[in-house]
Structure formats: structure tokens, C-alpha cells
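> only geometry, no sequence info:
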């Protein structure tokens, strides 16, 4: 530790912060686009968390880029694979969300969630 | 081959055939006639198989389920099939050209099927399954008929489904307590329960049956439900359908829980389970009977009496003595006979005049003498006067209450009878006596197929009044099979240490009294037959242009006296519950605000609350 | 022996095939979907007897778990596969006449993706894969909800998407924490190692997972998207969402709590939540005037009932819950599918506009009644036996808490009966007149009739059904073990 924050701690707190911030946006903002941004932010937070789970201090990326690299000197590759998948999914969901919001905007003429309440009770 | 199977298969075949031939009313009619004739025949010869048990080829939770024949369900079985057959015979003409009658015979057969299943079941599951079929077909039955019918049927349904759910809880609770659904097994193990559990379980069952038998606080579905449907269904429903609830009460009180167990459920001294039950029964006798006075519709009036008379049966059962229980059971049969007779008479009048409104009828005695006689027999029975059958069972009940030391309940029974006499007098007066409205000058008596059931029932009503021993023999067998003391009976009445009843003597005295009155009437020779318009009132001559209807507001003065005591508590409570449900629903609905931000907050709140609660649990 | 991976590959592959061939096959692509679904049903039925003997474990790409990804098919997987593919096939047949327009291939593509996701969630043996299949299921259902492109559908879809994304974020956090703490993503391996994790971390994983999955499983108060989405989606999609999608998510929660996390001490809390869900659903449905909203809220109530049964911590309870799932799939599908053509024919969602419709659409109305009766648990329909088993399982535990809960459940049933009966009475009203309305076409009615047969004939094969659900229940109750799986 050496009295300094370890990188894992930074990543953990950073990701938690991103998630909380993202969700906070979702709960407070009434603009649908901003809500999508909030979800993206929170997703990024989760991705950071995922990456940090496989981090081993001082090790390199799990790619055989140079000869002589040992497996033991690499970080855990599984979370990195997971993160890639998760990023792709997140991207897809955001794109879909924005597309739907555009469609919805065409029908309602507003992005304000307090005005889009055709379905309630 | 067991007769129970034959019975149920015939009934089921009847349902299927009625559905298949739903386009042809003629076929439906005769198929139903055949089906019910078969049912009646087989149910009457069933006594040869009493005591036998038949398993269904299906197991629930490893338990075999099925049917059994006992004297108790034999008694109810012949009542069900007999009255169904008479109803069908009566309906052949009555239902001709009526709207909405395509499902008439279908629901009637289905309902009979359900009731037969209920009474012959030997375990809780079969009982519950057929109970549900019966409730739903009662609902279907009530939905047919007039414009108001679906609404009142709906009210019935709300009560019935509540009762069913309570019953289901009771069924499953018994299973988890006794490990079996079988009645005899449960009866054997009932003593092992703690008293509070016994009381709880018994209350569950009794409450749920009370709904079907329309006991006082939960009776309000019955009058509208029974009177808004076809009049023949009114007869069928008041006559037997309500009494399946009584069957359930008899079965569970005496057949499953047993007298010893019930008498242990005491609160303080005499205030025990039976007594509380008796108080509700007394309320059932008095309140609905006086409500009947207010009715301006013959069907509704009888429907209210149908509630009230149930009180007599229950109070007889609640008295707990051999005489009282016999009276209660006998009253089921008697009530069925005379109430169906009364409603058939009303239906005949309705068939010819098109109305059952008491303010519009009158003076039909000369036009429809057979119906008049039927109604007269019926109301004498209903009022509990000799020499008709109602007198006998009511006499048993009064006597049992007095001997058992329940003076207040006995007084309630007498008050109930007073109200009954008043209101049945209104019934017969407003329909057959008094002024004949001009428009009914061409009314004729109904045809033979409608008269036949009335004649049969008149014979039954009078016959059971003079020869109660015919039924008492069967009732004594039931009492013995349930482990109760039997009442020593003779053909004309009973012979007990505390007193005896000989209906031959009573009938003869009564007839003698009538004879004397008739002779006096004949001797007073200043009689003259005049037209109903050759008359005057308050100085005005009455002719057909003067709307002088003595029948209108028949008991206005009496109603003025009773009115202050009518608080309509039940009605208000029901409205309150309905309003509360509406309000709860309205508030719960508003949880779903339609605002996505709120929904997100719900998620995160749920997340936090879950953490807080689970932290304590783990 | 058939390979269970076909259950995922076939619909997924066909979905892509439909997209590729759409330009020249046009609307005929639906027959491709039909072939895929028939294959699916066939595979799942072939799978069942084999799985009942011994669970099948499929290792993908040759790398053995815990490193590799695997499919694990026990009785749970087999029974649910049949449920999903059979219900899917019938709803697909219904869609042939129900879905109209030019670009139907989009519908069928997404339909198959939804099936893929459902199968995947049930069959996968890997936690992250579960997340991926969850996303496939979720995304395809977001789009399907808004498929008609109407205002209400889009609004519901956007709401569903936002809440669904929050849910998937929570699940992904749970996955990350699982990997961080246990170092494995294989379910069986996780089950072995989960007990060794620090209790507070275990709690966090559990809560993240349950709340995340609970959004899809429609547990109160996470279910606020459901009434909107289920009521605005095309009726065939509503039938799928109510019929098996929420149940799949629910069974995943149950499976994790019992056999992977093995944290049965939280079940009391879950059963309380379940009963609240039930009452909220039934009471909210009580005053609805829109037929599909009634059905949607009723689904919430049913989910509450199922979860209640499954959180009784007994094999009986799980068994009862599974029977209730089967009943709900069949009867709620009937109701939604019938409602679909009621809406198409009358052009209205309002129940009051169906006054007397039974005269014009007698067959549909009859099926509706059968569906309602089974949903309410009226004998002798299948629903009676499932509801009876639920009540029996609950009272058999003998605890006062469960007895009180049973009475609340029965109260919910009373409310449910009242609002459903009101609809039936309106449909069978004699005076009502809906004008010139035609009966639904033959093919959809055939699909509905097949569901009806399940309900009506269910009690004849009751011992067989309880045999299968019983082995599913005992699979769930047993904690997963790496050694047993491999």
C-alpha cells in the first residue's frame, strides 16, 4: 500500500461513484436523453468495476505481444473479455434507447417524462 | 356398478346432451325430462347400497377420493332429484316462448350434478370440487331470467367465492392437521385436536356453509338473487339449493366433528358454540321474516321467507337434542315441499298474468282455483299451522327449545312465526282475494303439466302433515347413523317421555274446528253473491273506473310500526366493504404513477430496503 | 441423444437467416420461424426423458468448466424448455394471422431472439452467459413491446428499457462482485465457493442479483414497467411476456437462492414480498377498465402467488409453484390471445365496449371463460390443482406466518374473481350489441384451443405432471455441486 491509495481501491470507488452518479441522473432528470446518458454512465461504472476485478498489480495486458511473456505476468483475461461483451451490449442498448426516444418524440413532441404519462394507474 | 356412478353419469350426460342440442329446445326438454326421471328413480332405489363406498380412479396427494352413500345423503339425494323432476315437469309449459332460455335446462342439470356430487362425496376434496361446480352453476342459474338477474347473481358470486375460499382454507387445514381428506378418518382423529384449533376449524367450515344457507349476516344475496331469475328457478333454488348449505352444516357438526366435540367448545356456562350458532339462527328467523312484510313482489316475499325458514332448521340443529335435530332435518324436507308449492302457484299466476307484483294482482280465486288451493296449502305449511307438514317440524323445534332450556330462542321462533303468518296472508290475499283487476277477466287456469307438480306437492304437504312417520323413519335412521339419539316415532307423530304428538288427532281437531266454523257460516243464511263492482267504499260506488285497490300498501300501518327498528346495518356494512375495496384499489393503482423517474426510485428504494432487512436475517 | 444447444442455436440461427432472406422471402419468412419452433419443440421433448435419468452437461468450445462455458440441462431446464417452446410455437401460430403489415420479418426475428434468450437463461451454466442471454431477451422484448410503433407502445417500451437497463446494471454489478470474490463464473463452481465469501459481500451479491433480476421477474415494487409494457405490446407478445418471460426470470431468482447461493434464510422475506406483490396486483387490477391492463395486473398477482409458493422452503412449495407456472402460462396466454382479437375486432381496449360480444364471438368468449376459470383455480381445471397445491404446501409448513399469508392469498383470489367475473358478465350480456363483429380466424383459435386442452386435460395427466415438476423441485432444492455436475 505504501500509504498511497492502491489502484484497486481507486477503481472500486470510482466505479461506485460512476454508478451512483448515473443512477442519480436517471432518477432526477426528466429529459429522456439525459436519462439515457445516466444509464450509460452507470454502465461505464460497472465496466470499470469488472475490469478492476481482474487487475493484478504490475502485470501486463493478457496478449502475447512480445516473445517471452509468461502467463503469470499477465492480468486476468476473463474480466476483459466480459467487459468487451458488456460494452457492446451497452452500446446496443443505448442506440436502441435513442432510436426509440426519437420515435416517441415524433409521436408526443416532448422528451419530458412528466409529460409522457399516457400510461398510468 | 354403484348407483352413485349411475346418478352422476346420467346427470353429466344430461349436461352434455343439453349443450349439444342447445339449438333445439324441444330435444332439450324431453332429454331433461328423461334425465331427471332417471335420476329420481335411481336415487330412490339407492337405499339398497347405503354404507357402501366408491373410490374415484384418481389420487390427490396420495389420497384416494370418492363417494359414499349414507342415510343422510340418501335423504338429501331423493329431495334433490325429486324436486328437480317436478321443476322440469313444471317448466315444460312454463318455459315455452321465454327469452334467454337456451341454457335453462343445461344449467339446471349442471346444478343438479354439482349438488349430487356434494352430498355423496366421502372426502373433502370431492366435496370441495363439487361445491365449486355447484356454486358456479348457481351463479349461472341466477344469471338467467330478467334484466336485473346478472346484477344480483354477481352479488351472490361475491359471497359464494368468499365462502369457497374459506372452505378451501378449511379443507387444506384439515389435511395438514389430520393427514387425510377422508371424512371418517377425520372424524376418528378429531378428538386429538386442541380445543382452540377445533373451534377455529369448525368456525371456518360453519362460516363458509352459512353463506350458502343464507344465515343472518350473510343472507343479503339471496332475496334478489332468487327472485330475479326465472320463477321456476326461484322454486328450485329456495327449495333445495340453499339447503345444501344445511347439509354441509349437518355433516360437519354431527358427522365429522360430532356432538361430544362440539359440546366441549364452551365459553362460559351455557354460552357455547351451539348457543352462539343458535342466536344467529334466531336472528335469521326474525329479521328476514319481518323484511318479507315489506315486499311487493311475490317472488321476493317468498325468497325472504326462504331465508327465514332456514333459521328454523338451524335453530333445531343448534338445540342439540334428538327432537330438535330431527325437527331441523324434517323441516328441510317440509320447507322444500311447501315453498316449491307456493312458488309454483306464483309461477302459474305469473304464467297467466305476466306479473308477480302484489300491488297489481288480486281476485284470481275463481279464475285459477287449483293455483289458489296450492298456494293455500303452501302457506298453511309455511306458517306452521296444522294439519300441514310445517306444523310438525316446527312443533318439534319449539318443543326442543323449551325442553332444552332456551326460552329466548323459543320466543324468537314464535315471533318469527307471527311475522310469517302476517306476510303469507298478504301473499294469498293480494294474489287471489280482493278485487279482480279488469284486465284479468279472461285469465284461465294453467294446463295439466303445470298442475301435476302442484297436486303432487299438495299431497306431500298434507300427507307429511298427517303421516309424519313416513319421513321420521328415515330421519331416525340418519340420527342413529350419525351417532345421535333417535326420536321414537309412530306413523302419525312421535312418542317421547316428555310428550307426544299425534297428527291424526291434531288434524281431526283442526278439521273439526273448521267444520264448526263452516256450519256457522252456512247457518247465517244472509249471504248473497254480488259482482265485485256492486259495492261501495267511503260513500262512493265502486265501478271499474274507480281505482280502488285494497291490496296496495297492504301493511302500511304495520310498516310504520316496524320502520324505526330497521337500521339496514347489513346493507350499510356491505356498501362499506365495497367502498373500501374500491378505495384501496384506487390508491394501490396510483402506485403506478406513469412517471419513469418514480419507477427508478422504487427500484433503488427496494434495493436499499432489501439490504437493510436481509442484513438482519443473515 | 439430441444436443440441448440446439435449443439456443436453432432460433438464433433462424433469426439471422430470416434477416438475411427477408429481402426476397418477404413475409414468407414466418414459415422459417415456424420450422425453427417446431424443431425446438421436438428437441425439448426428446430431451425430457433423457434428462430425467441424468442431467446433461454440454461443454462449449472444448474448454472444461470452470474455465469454459457450459450448458447445464437438468429437469428444470428440460421442463422449462418444453414450456417455452410449446407456448412459443402456439403463439407463433397465432401471430400468423394476428401480425399484419409488410415488414413482418422483423417481428419474427425478434420473436426468435426472445425464445433464444429465454432458453439461454434457463439452460446456461455460467453466470455471465446468463447476463448475456438476459440482455438478448430484454432487448428483443423492448423492441417487441414497441413493435406496432404506436404512441402507447413506444412509451411503454422506453419505460421498460430504462427500468430494464437499471436491472441489468444491477445484475452486472452482481456478476462483477461474484467474479471478484469467488473467482469463478461457473454456477456449480460458484455454488461450491459461495459459502466461503465474506457474509457482507454475500449479502451485497445477493441483493444486487435479486433486485436486478426482480425487475424482469415483476416483483413488487420493481414491476412498475409491467402494466404498461404488457398492456401496450401486441397481444401475442403480451402473452409471451406474461406467459413465460417473467416466469423465467423468477425461476432464475429461485434457482440462485436455493441451489447456488443456498441462502434459504431469506425466503421468509421473499414470501412476504410475494404476498405484497399479489395483493398490489389484484387490487390494482380491480378498478381497471382496459382489458389488457387488467390482464397485466393480474399477471403481477399471479407472479406473487408463484413466488409465494416457491419461497416456502419446501419441495412441495416449489412443486406447487411450478404447477402454478404451467397453469399461468396456459391460462394467461389464452386470455391475452383472446383479448388480442377482441381488440382487433372491436377496435377498443375498453371492457365496456365488449357488451354482449359473446353472441358474435362465441368461441373466443368460451375460451376466455375457460382461461379465467383456470386462472382462478376453479375445479376441475388445472388451475384448481395448482392452487390447491400452493395452499397445501403453505399450510403444511404449519407456521402461523404462512397461515396468515394463505388467507391473504385467498383474499387476493376473491378480488381476482370479482374483476374477472365482471368482464365475463359484460361479454355475456344479453342486451348488449357490438355491431357487426366477426369471430377470430381459425388458426389463432386453434392455437388458443391447444392451450385450452392443456388446462382441461391437465388433471388427467396430473400424476405425470407432478412427477416432472417434482423432480424439478428436488433439483432446485438441492445445492449445486461441481463434483455432481462433472
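Looks like it came in fine. As the structure is a prediction and not an experimental result, all values here were calculated from the model.

> going forward, measure contacts and count neighbours with C-alpha atoms only.
Fine.

> Straight-line length of stretch C:348-364, end to end?
16 Å (Cα to Cα, to the nearest Å).

> That one: which residues count as buried?
C:349, C:351, C:353-364 (16 or more other Cα atoms under 10 Å in any protein chain shown).

> For the closest residue to residue B:462 other than its chain neighbours, grab the count of nearby residues.
Among residues not flanking residue B:462 along the chain, residue B:388 sits closest, at 5.0 Å (Cα to Cα, 6 or more residues apart in numbering or on different chains). Residue B:388 has 31 neighbours, counted by other Cα atoms under 10 Å in any protein chain shown.

> One more: the one 4 residues further on?
Each residue near residue B:392 was counted by other Cα under 10 Å, and the total is 28.

> In chain A, spot the helix with the most residues.
helix A:77-108 (DSSP state H).

> Report all helices and strands that that helix contacts.
helix A:32-53, helix C:127-145, helix C:151-182 (3 or more Cα pairs under 8 Å, 6 or more residues apart in numbering or on different chains; DSSP states H and E).

> Compare these and report which one is nearest to chain B.
Closest of the helices and strands packed on helix A:77-108 to chain B is helix C:151-182, at 6.0 Å (criterion: Cα to the nearest Cα).

> would you turn the helices and strands packed on helix A:77-108 into a markdown table with mean pLDDT?
Shown next, in a markdown table, are the helices and strands packed on helix A:77-108 (pLDDT from 0 to 100):
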| stretch | mean pLDDT |
| --- | --- |
| helix A:32-53 | 89 |
| helix C:127-145 | 91 |
| helix C:151-182 | 90 |
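
> Reformat these as TSV; add distance to residue B:133.
TSV is the format used below for the helices and strands packed on helix A:77-108 (distance: least, Cα to Cα, whole Å):
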stretch	distance to residue B:133
helix A:32-53	52
helix C:127-145	39
helix C:151-182	40
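
> Which one of the ones you listed lies nearest to residue C:405?
helix C:151-182 (28.1 Å; Cα to Cα).

> quick one: that closest one to chain centroid distance?
Here the centre of helix C:151-182 is set off from its chain's centre by 18 Å, with Cα atoms, centre = their mean, to the nearest Å.

> tilt between that helix and helix A:32-53?
20 degrees (axes from the mean of the first three to the mean of the last three Cα atoms, to 10 degrees).

> wait, does helix C:151-182 make contact with chain B?
Yes: interface with chain B: helix C:151-182 contributes C:159, C:162-163, C:166 (Cα under 8 Å from any Cα of the partner chain).

> ok, residues contacting stretch B:65-83?
B:4, B:36, B:39-40, B:43-44, B:46-47, B:49-56, B:58-59, B:112, B:115-116, B:119-123, B:125-126, B:181-182, B:236, B:239-240, B:247, B:333, B:474, B:477-478, B:481 (Cα atoms under 8 Å, 6 or more residues apart in numbering or on different chains).

> out of those residues, who's near chain C?
Applying Cα under 8 Å from any Cα to the contacts of stretch B:65-83, none is adjacent to chain C.

> hmm, the one helix or strand residue B:205 maps to in reach of chain C?
Residue B:205 belongs to helix B:195-212 when assigned by DSSP states H and E. No: using Cα under 8 Å from any Cα, helix B:195-212 stays clear of chain C, with a minimum separation of 11.6 Å.

> Quick one: distance of that helix to the chain centre.
Counting by Cα atoms, centre = their mean, helix B:195-212 comes out at 20 Å from the chain centroid.

> what about the helix or strand hosting residue B:243, average pLDDT?
Element membership for residue B:243, per DSSP H and E: helix B:242-250. In this model, helix B:242-250 carries a mean pLDDT of 90.
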